[in-house]
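J.: return a 3D structure for these sequence lines:
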Amino acid sequence: MYTQNALILNNKFVHLHVHTEYSLLDGAIKIKDLVSRAKEWDMGAVAVTDHGVMFGAIEFYYECMKQGIKPIMGCEVYVDPKGHTRREGQGGNYHLLLLAEDEEGYRNLVKLVSIANVEGFYYKPRVDYDLLSKYSKGLIASSACLAGEVPSLILSGRYDEAKEKALLYRDIFGEGNFYLEIMSNGLSEQAVANKHVIELARKANIPLLATNDAHYLESSDADWHEILLCVQTNSTVNSKNRFQFGSKEFYLRSPVEMWNIFGDESGIYSAMSYRMPCITLSIYRKDAMSSLNSANTCFPSTKFPKARRWKAI
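T.: Okay, here's the model as predicted:
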């Protein structure tokens, strides 16, 4: 067992779907704790992908610089297929994971999130296909959690439509820039979605990305995270039909756990680090392996005016 774990630890894994406390009343991971854990596990890099916002980007960047970890800037955006300015009903609000590959990608991500909150806010800050197409350069996307458009269609039994949407996203972001996401979180629906997502990935030749959609740091944090969700939904833990995750496995799994879950599945997946100028993707795919990219992040520098102190009269 020691030999197996030692082998697993020699293979890098990077968390690319992570919600911090800036996913308000939903995420519960403090940025300093996240970066410290990434350093402890020798990940080399870690992403932050909060819901619809990038409030934590600056804090995340400087904490990563302080601890010697590569920051991967991202966001889990909401996509309304019928248009981001539509105001009838609540729309689809499908989840989509976006990661900045380079400075152009970072600026496009900021643009998308800004438009979503200024022009597209209706229940949620939303984007649509046209906006994604316009600001797609430098971005890496994945199908996200069960609330993503592709998994949602799969769970509805609409497999042909799921394939069409997967190919649409691939066309929007370009070949090799869109991934189908799988995760293991103890939900029966997730197991069903994973099976069909893997099949779809093979048929459409779209690479797979393994994540854990982390919302809290430790597995033991699940109970108090439930209380956080109660605050969000104005309910109590005793409320019937209250919103809950339905599992206690949305924590930051260790690389060993992730490899044990995904790295040995019929020999189909091997963890690889996908080399890019400014970020490192740790993905599960059938082809070759390459080492973590050590290039400096392209997060642009920002100059702020110095505060002026006024003397009391």
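J.: I'd like the average pLDDT over the host helix or strand of Lys111.
T.: Lys111 belongs to helix 103-118 when assigned by DSSP states H and E. Helix 103-118 shows a mean pLDDT of 96.
J.: export it to PDB, keeping only CA atoms.
T.: The C-alpha trace of helix 103-118 is given here as PDB (Å, rounded to 0.1, in the frame of the first residue of the first chain):
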ATOM      1  CA  GLU A 103      -3.500  37.400 -20.000                       C
ATOM      2  CA  GLU A 104      -6.000  37.700 -22.900                       C
ATOM      3  CA  GLY A 105      -8.000  34.900 -21.300                       C
ATOM      4  CA  TYR A 106      -8.000  36.700 -18.000                       C
ATOM      5  CA  ARG A 107      -9.200  39.900 -19.500                       C
ATOM      6  CA  ASN A 108     -11.900  38.100 -21.400                       C
ATOM      7  CA  LEU A 109     -13.000  36.400 -18.200                       C
ATOM      8  CA  VAL A 110     -13.200  39.700 -16.400                       C
ATOM      9  CA  LYS A 111     -15.200  41.100 -19.300                       C
ATOM     10  CA  LEU A 112     -17.600  38.100 -19.300                       C
ATOM     11  CA  VAL A 113     -18.100  38.300 -15.500                       C
ATOM     12  CA  SER A 114     -18.600  42.100 -15.600                       C
ATOM     13  CA  ILE A 115     -21.200  41.900 -18.400                       C
ATOM     14  CA  ALA A 116     -23.000  39.100 -16.600                       C
ATOM     15  CA  ASN A 117     -23.400  41.100 -13.400                       C
ATOM     16  CA  VAL A 118     -24.100  44.500 -15.000                       C
END
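J.: partner strands of the very next helix or strand once past that helix and their direction?
T.: Remark: after helix 103-118, the chain's next helix or strand is strand 121-122, criterion DSSP H and E. Using DSSP bridges, the strands paired with strand 121-122 are strand 124-127 (antiparallel).
J.: show me what contacts Val46?
T.: 14-15, 18, 34-35, 38, 64, 69-72 (C-beta atoms under 8 Å, 6 or more residues apart in numbering). The way it works is simple: take the backbone N, C-alpha and C, and place the C-beta from them, glycine included.
J.: and Ala191, backbone torsions?
T.: For Ala191, the backbone dihedrals (degrees, to the nearest 10) come out as phi -60, psi -40.
J.: check Ile58 too.
T.: Residue torsions, per degrees, to the nearest 10, at Ile58 are phi -70, psi -50.
J.: and it, how many neighbours does it have?
T.: Residues contacting Ile58 under the criterion other C-beta atoms under 10 Å number 12.
J.: ok, it to Glu21 distance?
T.: Going from Ile58 to Glu21 by C-beta to C-beta, to the nearest Å gives 14 Å.
J.: what's the answer for Val48, then?
T.: Using C-beta to C-beta, we find Val48 at a distance of 11 Å from Glu21.
J.: how about Asp130?
T.: 32 Å.
J.: neighbour count: those two, which is higher?
T.: Glu21 (19 against 11).
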